[in-house]
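*Asks:* Build the 3D model from these lines:
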Amino acid sequence: MDLTTLKKQYPVSIEIKVKWGEMDAFQHLNNTVYIRYIEDSRIDLFEKLGLSSHLNSQNIVPILASVQCDYLAPVTYPDTLIVFSTAIQTGPKKVELEHKLWSTKQNRLVAKGKGVGVYYDYIALKSCTIPSDIATKLATLKDT
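*Replies:* Next up, the predicted model:
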């Protein structure tokens, strides 16, 4: 997979500069940092979908049910990673997220991640159906 293909396939991407303090004792990016980078991109994706307005007006939003990351190559300082994200609705309450992390220094894919979000109603304190306007945006996300 190359950078041009990633830019076409993923509607959201963010650039993150790797910080010296994120290295571990083995002098590469600590495994937990990848999850934080994925989170940053996931939040940008949610903002693109307009989810903060649902949280503020209806108190519903997807919450992370699971997250996974496959590490393909070690990342070292200095580097800049481009984190790509997309999502697809896979059930009335469920969204599956996909992420790819690209190293600009190595010019290659260094990690890939997946997540599952479940829509949650903070007033009722239980899962809920994805609002229709968000479902429509999710359905057309790959075309944006």
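*Asks:* Specify the strand with the largest residue count in this protein.
*Replies:* Ranked by residue count, the top strand of the chain under DSSP state E comes out as strand 108-121.
*Asks:* Neighbouring strands of whichever helix or strand comes after that one in the sheet, and parallel or not?
*Replies:* The C-terminal neighbour of strand 108-121 among helices and strands, as given by DSSP states H and E, is strand 126-127. Using DSSP bridges, strand 126-127 pairs in its sheet with strand 108-121 (antiparallel).
*Asks:* quick one, strands of this protein?
*Replies:* 12-17, 60-71, 80-89, 94-103, 108-121, 126-127.
*Asks:* Only the buried residues of stretch 91-101, if you could.
*Replies:* 93-97, 99-101 (16 or more other CB atoms under 10 Å). The C-beta positions use only the backbone N, C-alpha and C, and glycine is treated the same way.
*Asks:* mean confidence for that stretch?
*Replies:* Mean pLDDT, computed over stretch 91-101, is 97.
*Asks:* Mind giving me the packing neighbours of the helix or strand bottoming out on mean pLDDT in the chain?
*Replies:* The least trusted helix or strand in the chain, going by mean pLDDT, DSSP states H and E, turns out to be helix 51-58, with a mean of 78. Helix 51-58 is packed against strand 60-71, with contacts defined by 3 or more CB pairs under 8 Å, 6 or more residues apart in numbering; DSSP states H and E.
*Asks:* Report the distance from the strand it packs on to the chain centre.
*Replies:* 8 Å (CA atoms, centre = their mean, to the nearest Å).
*Asks:* which outside residues touch that strand?
*Replies:* 31, 34-35, 38, 42, 46, 51, 54-55, 94-95, 110-122, 128, 130-131 (CB atoms under 8 Å, 6 or more residues apart in numbering).
*Asks:* contacts for the least confident helix or strand of the chain?
*Replies:* 46, 60-62, 122, 131, 134.
*Asks:* Determine the number of other residues adjacent to residue 22.
*Replies:* 18 (other CB atoms under 10 Å).
*Asks:* Setting aside sequence neighbours, what's the nearest residue to it?
*Replies:* In this structure, residue 22 finds its nearest non-sequential neighbour in residue 33, 4.6 Å apart by CB to CB, 6 or more residues apart in numbering.
*Asks:* contacting residues for the residue nearest to residue 76 when sequence neighbours are not counted?
*Replies:* Computed as CB to CB, 6+ apart, the closest residue to residue 76 that is not its neighbour in sequence is residue 28, at 5.3 Å. By CB under 8 Å, 6+ apart, the contact list for residue 28 reads 74-76.
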